[in-house]
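Chemist: here's my sequence, what's the structure:
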Amino acid sequence: MNIYLRTDSSLSIGSGHVIRCLNLAKVLRKSGAQCFFISKNHRGNIIDKIIQEGFSTKIITIDNTSDAYIRDEKFWLNGSQRDDALQFISLIEEQDQHPDIIIVDHYSLDKEWEEIVKKRFSSARLVVIDDLCNRHHFCDLLIDQTYQRRPEEYASLNENNGLVLAGTKFALLNPLFAGLRKQSIACKEKVDYPKTLMLTMGGVDAHNITGKVLEYLAQAAFKNIDKITVILGSAFPHRDEIYALAAKSNYNVEVLTNVTNMAELMLGHDFAIGALGGTTWERCTMALPAVNIAIADNQLTIAKNLSNSGAIVLYADNFKKDEFVNAVQHLFERYHEQRILVTDICDGLGLFRDIQEIIPVPAKDGINVTLRLATQEDINFVYQLQCEPHTRKFARNPDIPSFGNHVVWMTRKLNDDKSQFYIIEHGSSCGVLRLDPIRHASAKYEISIFLTASVQGKGVASAAIKRTLILHNGDTILATVLPENYASHQLFDRLGFIKISPDEYISEKK
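Modeler: Alright, predicted model coming up:
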C-alpha cells in the first residue's frame with residue numbers, strides 16, 4: 001500500500017503539521033504501508049527530520065523564501081493551489097507508483113487542491129487533516145483533533161460527504177504518550193506541590209514567547225520551582241537569547257533542543273507552560289497540568305474551548321506579568337483539580353482510531369469493521385456474549401461462567417498490559433477479539449474471537465481478523481480451533497494462516 005503525505009513546515013507554519021504527519025506515517029509504516037512525503041522548502045522547515053525518520057521525501061522547490069512572519073494561514077503556501085497540486089501529481093508520477101491513500105495537512109489547501117488531485121487519482125482515498133473548520137473540502141475522510149469539535153460543524157463544508165472524525169479522541173499523537181499515560185497519572189497523583197516545570201512553546205516560537213516567560217518567571221521568583229526544562233525546536237530563531245536567560249536565571253534551567261523523548265520528559269515533570277499546539281494533547285494524555293498560551297490565530301478556538309472548560313489559558317499577544325504570575329499561582333493552588341481536568345481531555349489513542357478509518361476493512365455489507373479497547377463498561381456486554389449458545393459450543397470450557405467469576409476474569413484481563421482485549425465494532429458493538437500472550441515456538445499471541453448471532457455469516461469475523469493483522473503487523477498470531485469447528489478452519493485457511501497441526505494455525509504468510 002502506497003501512501004503520500006503533503007504537508008509543510010516553516011517559520012510561520014511551525015513544525016506541528018509535519019510532526020503529527022510523522023506520527024501518523026510511523027504507525028502506518030508499522031502496519032505495513034509505504035509512506036512518502038512531499039513538502040516545500042520554506043524557510044525554517046524541518047524536512048531533514050522527515051528524512052531522518054527514514055521516509056522518502058520529495059521537495060517542491062520555492063525560490064522567493066523570506067524570514068518574515070506571515071500571520072494569515074491562507075498565504076503560507078507561497079504559491080497557488082493549482083500549481084502546488086500539479087507539482088504534487090508530477091512528483092508522484094515520476095515514481096511510477098499509484099497512490100492508494102493521499103493525506104494532506106495544510107491550512108492553505110482546500111477544495112481547489114483536493115479536486116485536482118482527486119481527479120487525477122480517483123481511486124485513491126483522500127484524507128484531510130484540519131483544525132480550522134473554515135473552508136470547503138472535497139475528501140473521503142477528514143480528521144480534526146480540535147477539543148470539542150463536532151462533525152456536524154463541517155456539514156456545509158464537506159462537499160464530498162466524507163466521514164469526519166472530530167475531537168481530541170482522534171488526536172494524532174505518538175503512541176509513546178498513551179504507553180506512559182498510566183505511569184504519568186500515578187506520578188502526578190502523588191505531587192504535593194509542583195516543583196519541576198517544563199516550558200515548551202512549539203517547534204518554532206517565532207515571537208520568542210519562551211524568552212518572555214523566562215523573564216516573567218525570573219521576576220516572580222517562585223520558591224517552589226526546583227528546576228525548569230526549556231524545550232526548543234530545531235528551527236527556533238532565538239536560541240542565543242534563551243541560553244543567555246538560562247545562564248543568569250535564579251532557577252536551575254536546562255535548555256534542550258530538538259528532543260526525541262518528549263513523553264519521558266513529561267513523565268518527569270510536575271507541570272508545564274506551553275503553546276496550544278499538538279503538544280497540548282500530549283500534556284493532557286500525560287495528566288500534566290499547564291498554563292496554556294495561545295501563540296497563533298489558529299489556536300483561538302482551542303483556547304476558547306479549554307478556557308470554558310476550566311483550563312488555564314493566556315494569549316501571547318497581550319498577557320502581562322501580573323496576569324502570568326496569577327495564572328501560575330492558580331495552577332499551584334488548584335494543581336489536582338487541573339490534573340483531573342486535563343486527564344479527561346485526551347487519552348492518547350487517537351492514531352489507533354484514525355488508522356482504522358484511513359485503511360477501511362469492510363464486512364460483506366461494505367460497513368467498516370474496527371476494533372476498540374474494551375473497558376469496565378463492556379463487562380455486561382461481554383458476559384451476554386459469553387452466555388450465547390454458539391459461543392459456548394466451540395469454547396475450551398463449554399460451561400457458562402457465573403457473572404461474579406466473569407467480572408473477576410475480565411477485570412484481570414483488562415489490567416493485564418500484555419494482553420489485548422478488543423470490542424469488535426460493525427456500526428455498533430458486535431463481538432470480542434482477544435490477543436493473549438502465549439509460550440509457543442512459533443507465535444507471540446493466541447487469538448480468541450466470538451460474535452453476536454446477528455452478525456454471523458456477514459464477513460465480520462474475517463474483517464476483524466484482517467484488522468488485527470494490520471494493527472499487529474509483524475506479530476505472529478496463533479489460532480487454536482476445535483476439530484468440529486469447520487467454519488473457523490475454513491476462515492483461518494482463507495485468511496492465509498498456515499496450519500501447523502490438526503487444531504493450530506499461525507499467521508505467517510504463505
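
Chemist: Leu142 pairs with what?
Modeler: Beta-bridge pairing of Leu142 under DSSP bridges involves Val128, Val164.

Chemist: again, but for Thr257
Modeler: Going by DSSP bridges, Thr257 forms beta bridges with Leu232.

Chemist: per-residue pLDDT, Lys396?
Modeler: Rather than Lys, residue 396 is Arg. Arg396 carries a pLDDT score of 77 in this model.

Chemist: OK, contacts around the residue most central in space within the chain?
Modeler: Closest to where the C-alpha atoms of the chain average out (CA atoms, centre = their mean) is Leu172, at 2.4 Å. Leu172 is in contact with Arg20, Cys21, Asn23, Leu24, Ile129, Ile143, Gln145, Gly278, Gly350, Leu351, Asp354, counting by CB atoms under 8 Å, 6 or more residues apart in numbering. The C-beta positions use only the backbone N, C-alpha and C, and glycine is treated the same way.

Chemist: which ones among those map onto strands?
Modeler: Secondary structure from DSSP state E places Ile129, Ile143 of the contacts of Leu172 in strands.

Chemist: so which of the contacts of Leu172 is the closest to Ser39?
Modeler: Closest approach between the contacts of Leu172 and Ser39, by CB to CB: Cys21, at 9.2 Å.

Chemist: so for that closest one, what's the pLDDT?
Modeler: For Cys21, the pLDDT comes out at 98.

Chemist: output the longest strand belonging to this structure.
Modeler: Per DSSP E, the chain has its longest strand at strand 429-437.

Chemist: partners of the helix or strand just after that one, with directions?
Modeler: Next along the chain after strand 429-437, taking DSSP states H and E as the criterion, comes strand 445-451. Using DSSP bridges, strand 445-451 pairs in its sheet with strand 429-437 (antiparallel), strand 477-480 (parallel).

Chemist: what's strand 445-451 in contact with?
Modeler: 385-386, 388, 390-391, 395, 420, 424, 430-438, 440, 460-461, 464-465, 468, 472, 475-480.

Chemist: buried subset of those?
Modeler: If you count burial by 16 or more other CB atoms under 10 Å, the buried members of the contacts of strand 445-451 come out as 385-386, 391, 420, 424, 430-435, 460-461, 464-465, 468, 472, 477-480.

Chemist: tell me the mean pLDDT for the longest strand of the chain?
Modeler: Per-residue scores along strand 429-437 average to 97.

Chemist: off-centre distance for it?
Modeler: In terms of CA atoms, centre = their mean, to the nearest Å, the gap separating the centre of strand 429-437 from the centre of its chain is 22 Å.

Chemist: show me the contacts for Asn258.
Modeler: Per CB under 8 Å, 6+ apart, neighbours of Asn258: Lys49, Leu232, Gly233, Ser234.

Chemist: all the helices of the stretch 351-500 of the chain, residue numbers only.
Modeler: 379-387, 389-393, 403-414, 460-471, 486-494 (DSSP state H, counting those that start in this stretch).

Chemist: nearest to Ile38 among the contacts of Asn258?
Modeler: Using CB to CB, the contacts of Asn258 come closest to Ile38 at Lys49, 15.1 Å.

Chemist: just to be sure, that closest one is in a helix?
Modeler: Yes: counting by DSSP: H, G, I helix; E, B strand; the rest coil, Lys49 is part of a helix.

Chemist: wait, isn't it in contact with Ser234?
Modeler: Yes: Lys49 lies in contact with Ser234 (CB atoms under 8 Å); the separation is 7.1 Å.

Chemist: hey, what's in contact with both of these two?
Modeler: Common contacts of Lys49 and Ser234, defined by CB under 8 Å, 6+ apart, comprise Ser15, Asn258.

Chemist: quick one, which of the two is more surrounded?
Modeler: Taking other CB atoms under 10 Å, Lys49 and Ser234 do not tie; Lys49 has more neighbours (21 against 17).

Chemist: contacting residues around the more buried one?
Modeler: Ser15, Val18, Leu22, Ser234, Asn258.

Chemist: apply 7 Å and report the result again.
Modeler: Val18 (CB atoms under 7 Å, 6 or more residues apart in numbering).

Chemist: for Leu306, same thing?
Modeler: Contacts of Leu306 (CB under 7 Å, 6+ apart): Tyr147, Asn292, Val313.

Chemist: compare these and tell me which is most surrounded.
Modeler: That'd be Asn292 among those, by other CB under 10 Å, with 26 neighbours.

Chemist: that one looks like it's in a helix, true?
Modeler: No: read with three-state DSSP, Asn292 is strand and lies in no helix.

Chemist: surely it and Gly310 touch.
Modeler: No: judged on CB atoms under 7 Å, Asn292 makes no contact with Gly310 at a distance of 11.6 Å.

Chemist: need the residues touching each of these two.
Modeler: Residues touching both Asn292 and Gly310 by CB under 7 Å, 6+ apart: none at all.

Chemist: can you report phi and psi for the residue nearest to Leu109 when sequence neighbours are not counted?
Modeler: Distances taken as CB to CB, 6 or more residues apart in numbering put Gln81 closest to Leu109, at 6.0 Å, once the chain neighbours are dropped. Gln81 adopts backbone torsions of phi -60, psi -40, taken as degrees, to the nearest 10.

Chemist: ok, Gln81 - contacts?
Modeler: Neighbour list for Gln81: Leu109, Glu112, Trp113 [criterion: CB under 7 Å, 6+ apart].

Chemist: right, and out of those residues, which lies closest to Ala374?
Modeler: Set against Ala374, the nearest of the contacts of Gln81 by CB to CB is Leu109 (38.3 Å).

Chemist: just to be sure, that closest one is in a helix?
Modeler: No: looking at Leu109 with three-state DSSP, it is coil, so not inside a helix.

Chemist: count the neighbours of it for me.
Modeler: Neighbours around Leu109, by other CB under 10 Å: 24.

Chemist: likewise Phe352?
Modeler: Applying other CB under 10 Å, we find 18 residues neighbouring Phe352.

Chemist: per-residue pLDDT, it?
Modeler: 97.

Chemist: rewinding a little: pick out the most distant pair among the contacts of Asn258.
Modeler: Lys49 and Leu232 (13.9 Å).

Chemist: buried residues in stretch 320-333?
Modeler: Phe324, Ala327, Val328, Leu331, Phe332.

Chemist: what comes into contact with that stretch?
Modeler: 193-194, 216, 219-220, 222, 224, 271, 289, 291, 312, 314, 338.

Chemist: now with 8 Å, please.
Modeler: Everything outside stretch 320-333 that qualifies as a contact, by CB under 8 Å, 6+ apart, is 193-194, 213, 216-217, 219-220, 222, 224, 271, 273, 289-291, 312, 314, 319, 338.

Chemist: off-centre distance for that stretch?
Modeler: The answer for stretch 320-333 is 31 Å, by CA atoms, centre = their mean.

Chemist: and that stretch, what's its mean pLDDT?
Modeler: 97.

Chemist: tell me how many other residues crowd the nearest residue to Asp493 once chain neighbours are set aside.
Modeler: In space, and not counting its chain neighbours, Asp493 is closest to Lys499: 6.8 Å by CB to CB, 6+ apart. Lys499: 14 surrounding residues under other CB under 10 Å.

Chemist: which residues in the stretch 1-150 of the chain form strands?
Modeler: Ranges of strands in the stretch 1-150 of the chain, per DSSP state E, counting those that start in this stretch, are 2-7, 34-40, 56-60, 101-105, 125-129, 141-144.
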